[in-house]
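>>> Here's a sequence, model it:
(2 chains)
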Amino acid sequence: MQIKGVLETSFVDWDGKIVSTIFLPSCNFRCGFCHNHKLVLSPESFEDVPLDYLLRFWRRNRDFLDGVCITGGEPTLHKDLPQLCATIKELGLEVKLDTNGSQPEMLRSLIKEKLVDYIAMDVKAPLRAKDYSRVAGVDINGELRRIEESIDIIITSRIDHEFRTTVIKGVHGEDEVEAIARSLQGAKRYVLQKFVPHLAMSEELRRLEMFTDEEMDALVEAARRYIPNAKWRGK
Amino acid sequence: MGQNVQMQQDSTDIALFVKVSEGDVITWDKSRIVKSLLRETTIDEATAKLIADRVEKIIRDSGIEFITGPLIREIVNAELIKLKLEEQRKQYTRLGMPIYDVEQLITKQNKENANVPHGPEATNLSLAESIKKQYALLKVFSPDVALAHERGDIHLHDLGFIDRPYCSGNSIEYVKKFGLSLPNALSISKPAKHPEVLVLHLIKFSAALQGVFAGAIGWDAVNLFMAPYFVGKSDEELEQVAQMLVFEFAQQAVARGGQSIFSDLNLYWEVPKHFADVEAIGPEGKYTGNTYEDYLPEAQRFARALIKVYMQGDGMGRPFFFPKPQLHITERLFRTEGYEEFLYEIAQLSSERGNSYYVFDRGETAKISECCRLAFKLDENDLRDAKTPWKMRYSAMQNVTINLPRIAYEAKGNDDLLFEILSQRMQLAADAHVAKRGFITRLLNLGKRGPLGLLAMDKDGEPYYRLHRATFLMGMLGLNELVQYHLGEEMHESNYALRFGLKVIAHMSKESERLSEEYDMRFVLEQTPAESTAYRMAKLDLEHYPSETREVVKGSIERGEVYYTNSTYLNISAPISPIERVKKEGMFHPMIHAGSLTHIWLGEAKPDPEAIAKFVVRTFKHTTNDQIAFSPEFSSCLDCGRVDRGLW
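Okay, the predicted model is just below:
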């Protein structure tokens, strides 16, 4: 298992918890808004963080840490993800997984084996091939069914979770947010994340304006029509 | 006698006018030189006359028509040096500033301290400070101590405030019990009947105290001691009082030199054990018949109201820098209902505005925090004082900081020598404290009509300033660079280096105890807060120990922006996880009795308040760290090369 980065202590990656966040390389999507694009496009430019080092850190600091957040890249592309989760759980730490939902089999198996405690899945656009492909930056046509399957697995399992959408001005309006929320009915939480242009992969997106706080409030209102527990995050 | 006649004749020969400092123009009379030399110095009469003759010759030869008193004094000083009368030259010296410097000061913004607004009040303060500093180095301290300061072996803080003690911890009970009755005041207020009036008394008393202290004015258990005034008042009324308190403190930029009062408000969610059974004082300074334990609901409501005010910020929504809210956490907190919600509220304040401090009073210790990291641990006598809380007035009289990296340069890798030099520097610091205590005692002995009349004020059987309780601070700077030069590793780089750092502080702690016993004074270690000292000492070392300093100094030598790491901190730009930072830095804290602090830098994203609250509780439970504060701003750190969040 290659781990390409770590934020040893994070107060922002899992609501209400103090966690370490680790970054796994590579992704099958090419979202223009991605903040970790180097990790997606040129993972070899980062040195590996030795797992031994992390295990020592986690063991030493179990008295402060609630868990570990696994993000990327797309963690579910890695076949040895279950082993990593099991190793973390053996230390008594909880595991949160960030995913794009493209690998429903992996999600099903992680949930079944109780190897994750929280899943945060990105739903990038309304579940229509054209919309989704536009935001994800790849032709999603055949994969949309798999995204829907992941949503279904997460909602019907009893695992704690959130769905989230990074909202971009000119791409996501109230209609889009409402459409996404409609397809997530029954979800425990839905979070809109404010897009931060200057860190984006796409140069075009870097020139965009951010939503204002008031605009974010209005988008959350749209989401609440289907998911009462909706909120937004960001600066 | 003949010489005298000659002198008289010479005087009348010169058609010279002298502008004297009293504001007059008089004719030349060289006997005035003799008189002043005899009055001000230990010179003998014959030598004084010889000098007066020589000075007169110089002036006569120059052919000038007007001369000023200060210039004559300078010529006299030059003659004293020629006669190798160095001691008398010092006694006769004139303190002041070159006209160029005065003009710069009056017309240009103070670059060294951005907190000082530029204006007539501020420049008055700077001019006065400059002269008092010169006075202190010449007259208050021994030449050894003064030289050590000037060389940068040690740093004597607040020399411009030589005639004031450093900082103070105060009790609202004093104001509640005695009203506002300052010595020499034209009008006197009886104890307050209403909470709003109590706030006004408190602010005015703080402003008066700022006039006699150099540093922070701290107020203990503010929400608890004000609580008896809030019985039967609505939340709305409490918020109004909270607003008054915070805004009035924050906006007192009319105090000393146009600066804000360096004020701290210490808050508790629980009733700390040492105040629980204490009889409460209420409106009009009368006992209410209840103990403070009984006022927990009002104290908590007021704490909440204060946090709400801090959350809202000022009229523009900006955070308040003063007064600083400091939440004390004792073991009782966790047994006091509603603590989780309150911690969440104050953690929200940390997350949004970053201005709350968390002070950990573990076990049986009770502490009063003064400024950002200065705290007093209360001993048995103090806990007895808690029964009469208006007596709980504390002060650190002076702070002396030791330049630690320089000791490593001088020791050249030799352990024994390093500890020996460290002990010598602490001896110098102790000498400096003895001198300051002597000077302040002299001023206090001048009584109510003396310069420190406010501190000599006696309303409860002892002066406001309780000299016997004063502490004397021994600060340290650049432990990290001392270790780095001595061992070749910074403290965060190996356990060996960290352990050596601990050994150095343990030595300092032991030395301070030994010196305390020897001098019968309270010497305690403190983490020096002054960033300007970190800069000054690094710059001096770069000059005097260039090759050594270059190996370890932080900042940018090219830009001339160099510094040593503060006190016992780990390298502030090293990528150390906040968890390991509170743990490792916290290992030093139990040895630093005047208080310590760990700053936790958070990323640019808003941290989750619940996670912050958890971090606070875990720091209390799992570390020996004394105090933490969160700094959510990130941008200010990009310059020093801090690692960014995530992998961008």
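>>> Is there proximity between the helix or strand that B:His507 is a member of and chain A?
Secondary structure from DSSP states H and E places B:His507 in helix B:495-519. No. Helix B:495-519 stays clear of chain A (C-beta under 8 Å from any C-beta of the partner chain), getting no nearer than 11.7 Å. For glycine as for every other residue, the C-beta is placed from the backbone atoms N, C-alpha and C.
>>> tell me how far that helix is from the chain's mean position?
22 Å (C-alpha atoms, centre = their mean, to the nearest Å).
>>> Would you confirm that B:Phe439 contacts B:Val140?
Yes. With contact defined as C-beta atoms under 8 Å, B:Phe439 counts as touching B:Val140 (4.9 Å).
>>> circling back to that earlier point, which helices and strands sit right next to the next helix or strand after the helix holding B:His507?
Counting by DSSP H and E, the next helix or strand C-terminal to helix B:495-519 is strand B:522-527. Here strand B:522-527 touches helix B:415-444, strand B:471-477, helix B:495-519, going by 3 or more C-beta pairs under 8 Å, 6 or more residues apart in numbering or on different chains; DSSP states H and E.
>>> buried ones in the first one?
Within helix B:415-444, the residues that qualify as buried are B:418-419, B:421-423, B:425-426, B:428-437, B:439-440, B:443-444, counting by 16 or more other C-beta atoms under 10 Å in any protein chain shown.
>>> Send me the longest strand that chain B contains as CSV with only the CA atoms.
Longest strand in chain B, counting residues (DSSP state E): strand B:394-403. Below are the C-alpha coordinates for strand B:394-403, written out as CSV (Å, rounded to 0.1, in the frame of the first residue of the first chain):
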residue,chain,number,x,y,z
TYR,B,394,-0.3,39.5,43.0
SER,B,395,2.6,40.9,41.0
ALA,B,396,5.7,39.9,39.2
MET,B,397,8.0,42.8,39.7
GLN,B,398,10.4,42.3,36.8
ASN,B,399,11.3,39.9,34.0
VAL,B,400,14.9,39.1,33.1
THR,B,401,15.5,36.9,30.1
ILE,B,402,18.6,34.8,29.5
ASN,B,403,20.1,34.4,26.1
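>>> That strand pairs with which strands, and in what direction?
strand B:154-156 (antiparallel), strand B:167-170 (antiparallel), strand B:471-477 (parallel) (DSSP bridges).
>>> tell me what the helix holding B:His507 is packed against?
By 3+ C-beta pairs under 8 Å, 6+ apart, helix B:495-519 packs against helix B:415-444, strand B:471-477, helix B:479-487, strand B:522-527.
>>> State the mean pLDDT of the first one.
Within the predicted structure, the mean pLDDT of helix B:415-444 is 98.
>>> I'd like the next helix or strand past that helix.
Next helix or strand after helix B:415-444 toward the C-terminus (DSSP H and E): helix B:453-456.
>>> List the contacts of that next one.
The contact list for helix B:453-456, computed with C-beta atoms under 8 Å, 6 or more residues apart in numbering or on different chains, reads B:165, B:182-184, B:208-209, B:211-212, B:444, B:446-448, B:450, B:463-465.
>>> If we use 7 Å, what do you get?
B:182-184, B:208, B:212, B:444, B:447-448, B:450, B:463-465 (C-beta atoms under 7 Å, 6 or more residues apart in numbering or on different chains).
>>> Tell me which two of those residues sit farthest apart.
The span of those, defined through C-beta to C-beta, is set by B:Ala208 and B:Gly447 at 17.2 Å.
>>> ok, these two, which is more surrounded?
Ranked by neighbour count (other C-beta atoms under 10 Å in any protein chain shown), B:Ala208 and B:Gly447 place B:Ala208 first, with 17 against 14.
>>> For that one, give its distance to chain A.
Distance, B:Ala208 to chain A, using C-beta to the nearest C-beta, to the nearest Å: 42 Å.
>>> give me the element that residue is part of.
Applying DSSP H and E, one finds B:Ala208 within helix B:195-210.
>>> So for A:Ser70, what's the nearest residue that isn't a sequence neighbour?
Heads up, residue A:70 is Ile, not Ser. A:Leu97 (5.3 Å; C-beta to C-beta, 6 or more residues apart in numbering or on different chains).
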